[in-house]
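Q: everything below, folded, please.
(2 chains)
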Amino acid sequence: MIRTRFAPSPTGYLHIGGVRTALFNWLLAKQSGGQFILRIDDTDAGRNVDAALQPILDGFKWLGMDWDEGPEVGGPHGPYYQSQRIEIHKAAVAELLASGHAYRDYARPEELQAEREAAEKRGERFFYDRRWMAADDAAASAMEAEGRQATIRLKMPREGNCVIEDLVRGTVTVAWETEQDHVIARTDGSPLYHLASVIDDHAFGITHVVRAEEHLPNTPRQIFILESLGYPRPQYAHLPYVAEPGGTAKLSKRKLSKYLKNKGFADLLAHGQRIAQRCQIETSEDTFNPVIVDFYREIGFCADALLNYLLLLGWSLDGAREKFTVPEMIELFTLQRVTKSPASFDPQKLLAFQSDHFAGLSDADRLAAVAPFAIGAGLVQSADEPVLASVVAAAGDRLKVAGDIIDFDYCFQDPIEYEAKAFQKRIVKPDDAIGLLQGFRDVVSAAESFDAAAAEKLLKDYCESAEIQIGQIIHAVRVAVTGTAAGFGVFDTLAILGKQRVIERIENAVKKAADA
RNA sequence: GGCCCCUUCGUCUAGCGGUCUAGGACACUGCCCUUUCACGGCGGCAACACGGGUUCGAGUCCCGUAGGGGUCACCA
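A: Take a look at the predicted model:
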């Protein structure tokens, strides 16, 4: 039975790299009928944990990555908040102390710092010589009499190798002598992360520790802890990190200004900002950006498309197939095919996946996805308004994300804005444009029915009677009734707008051209 | 700096000694389709970091060099 976990700290946001790690954990558990556990690493005494955790849980829910044990759902191994497990961690510390695998250390931070700097000055690496280690209770009392306080340190081995069999990296060997005597409990007795993590993984019955590679250097000390306690080793799999767009450094949420130099990243952010602004979506500068999962939910990405893209960031089936449904991901994912080198986050490819995925949905599904944005932007009052369905159907794959409905705002409301360049080129500049538009307006006024087919016939008949090619007028019509040079079919557009609006807009355009 | 990891087109990757004049996808780009835009179709550009080995034969195995990255807290 495979049991995996993801252990977010309650920071208030879900990082894209974190999601990728969580996804691999989730997939691994799901494919074997195992469990995926969410443990909250809140030992940092973070204030307002609940508020900071909510966006993360919401992110998981949106993505459809359900957890079998953890916050909200509970489970047989709780509590799932690390801060509530301190007594368990302390007991482990005591056990380590009693068995001689750890010791009380009375060094003061300044003293250690001074030694560290001195070693650095000499060009040597700092190596703690256990100078303030309390060999026995008497020594401890003596140092406490001096006003010193003890941290608990691991008494790490100083010879031999720590050999890690990693499921993605193969065999990794680290000489024990390169390891420090890591602190596992502060002077106030509170246990540190690495200790807590090992204890909890064991308590939760985690069989596979799948995490980002920055944890690889921490693994020897964790192995020392668990072996000292007589725990079995879990299987380890260290994933390459997700790198910044166009770069090789680890993707971080704090380097936005740097990523903005990447065109794909900047474009995607701008795309999102435009949608957020039009749809009255409240955004915080902190979390509304392509490094954070919220961003995608808020502008109308499909969760499955994001998952599919993330799946390919460091994993491939065969180098040819790229599109996977979630059930297929679960079935086909293997750690064996995880890449060893970091994968750079490519916003353009993500958008391409989303665009493709969205185009593949039914009109009904796309309508449902688009509706909240149309309502938010004030385009319609409710999802039931027929015009919305018409626009969604006509727009087809021009909608890449649900929020893109705002691009067709001219289908819903007046007045419209005319793009200066298009207006000039299609209406002002051609000598005959105004006359033709007026003529077409008259034809429209006389029309009895006005669906797309009728509109097409109307325009074509008009061209015939005026003895012109359709190309001579159709651009002017489009610009006159939409204000823009690009969009879906003109006949669909005319039908959606309706006879009255078409007439009004043509008249407005003619007047505007005359004023110009 | 120590330790550890990584290295195929701009990016994600396929490749597990010969089928590689290195394949697919995104991006870019040419043409076609077309009333615009988008889609689609057909093309194009573009990579094995370098140097030594091993081998009849190396992108594929070994060693070295270079480069990149991660990590070195009484953070998680």
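Q: centre of the chain to stretch A:203-210, how far?
A: 24 Å (Cα atoms, centre = their mean, to the nearest Å).
Q: no wait, stretch A:361-376
A: Centroid displacement of stretch A:361-376 relative to its chain, using Cα atoms, centre = their mean, is 21 Å.
Q: which residues sit against it?
A: By Cβ atoms under 8 Å, 6 or more residues apart in numbering, the surrounding residues in contact with stretch A:361-376 are A:275, A:278-281, A:300, A:302, A:358, A:380-383, A:388-389, A:392-393, A:399, A:402-403, A:405-406, A:412. Bear in mind the C-beta positions are built from the backbone N, C-alpha and C, glycine included.
Q: so where does the most far-flung residue of chain A relative to its centre fall, helix or strand?
A: Taking Cα atoms, centre = their mean, the residue of chain A most remote from its mean C-alpha position is A:Ser465, at 56.7 Å. In this assignment (DSSP states H and E), A:Ser465 forms part of helix A:452-466.
Q: show me the contacts for the residue most central in space within chain A.
A: Most central in chain A under Cα atoms, centre = their mean is A:Val293, positioned 3.0 Å from the mean C-alpha point. Neighbour list for A:Val293: A:Tyr13, A:Leu14, A:His15, A:Ile16, A:Val19, A:Gly59, A:Trp62, A:Leu63, A:Leu306 [criterion: Cβ under 8 Å, 6+ apart].
Q: where along the stretch 1-150 of chain A do the helices fall?
A: In the stretch 1-150 of chain A, the segments counted as helices under DSSP state H, counting those that start in this stretch are A:16-31, A:49-63, A:86-98, A:109-121, A:137-145.
Q: circling back: cross the contacts of stretch A:361-376 against strands and list the overlap.
A: Among the contacts of stretch A:361-376, no residue falls in strands (DSSP state E).
Q: residue of chain A closest to RNA strand B, please.
A: In chain A, the residue that lies nearest RNA strand B is A:Gly319 (2.1 Å; Cβ to the nearest atom of the strand).
Q: surely that residue is within a strand?
A: No. Counting by DSSP: H, G, I helix; E, B strand; the rest coil, A:Gly319 is not part of a strand but coil.
Q: burial measure for it, as a count.
A: A:Gly319 has 7 neighbours, counted by other Cβ atoms under 10 Å.
Q: how far does the lowest-mean-pLDDT helix or strand in chain A sit from the chain's center?
A: When the helices and strands of chain A are compared on mean pLDDT, DSSP states H and E, helix A:109-121 comes out lowest with a mean of 85. Averaging C-alpha positions (Cα atoms, centre = their mean) puts helix A:109-121 40 Å from its chain's average.
Q: ditto for stretch A:157-170
A: How far stretch A:157-170 lies from its chain's middle: 32 Å, per Cα atoms, centre = their mean.
Q: then stretch A:80-96?
A: Between the centre of stretch A:80-96 and the centre of its chain there are 32 Å (Cα atoms, centre = their mean).
Q: what pLDDT, on average, does that stretch get?
A: Averaged over stretch A:80-96, pLDDT sits at 95.
Q: buried set for it?
A: A:Tyr80, A:Tyr81, A:Gln82, A:Ser83, A:Arg85, A:His89, A:Lys90, A:Ala92, A:Val93, A:Leu96 (16 or more other Cβ atoms under 10 Å).
Q: beta partners for the closest residue in space to the last one that isn't next to it in sequence?
A: Leaving aside its chain neighbours, A:Leu96 sits nearest to A:Ala102 (3.9 Å; criterion: Cβ to Cβ, 6 or more residues apart in numbering). Per DSSP bridges, residues listed as beta-bridge partners of A:Ala102: A:Leu154.
Q: A:Ala102: what's it in contact with?
A: Listed by Cβ under 8 Å, 6+ apart, the contact partners of A:Ala102 are A:Val93, A:Leu96, A:Ile152, A:Arg153, A:Leu154, A:Lys155, A:Ile184, A:Ser228.
Q: change it to 7 Å
A: By Cβ atoms under 7 Å, 6 or more residues apart in numbering, the residues touching A:Ala102 are A:Val93, A:Leu96, A:Ile152, A:Arg153, A:Leu154, A:Lys155, A:Ile184.
Q: same question for A:Phe288.
A: Residues in contact with A:Phe288 (Cβ under 7 Å, 6+ apart) are A:Gly272, A:Ala276, A:Asp294, A:Phe295, A:Glu298.
Q: if you set the cut-off to 10 Å instead, what comes out?
A: Taking Cβ atoms under 10 Å, 6 or more residues apart in numbering, we find A:Phe288 in contact with A:Tyr13, A:Leu269, A:Gly272, A:Gln273, A:Ala276, A:Ile281, A:Glu282, A:Asp294, A:Phe295, A:Glu298, A:Ile299.
Q: inside helices: which ones of these?
A: Counting by DSSP state H, those place A:Leu269, A:Gly272, A:Gln273, A:Ala276, A:Asp294, A:Phe295, A:Glu298, A:Ile299 in helices.
Q: now the fourth one, nearest residue through space, not along the chain?
A: In space, not counting the residues next to it along the chain, A:Ala276 is nearest to A:Thr283; the distance is 4.9 Å by Cβ to Cβ, 6+ apart.
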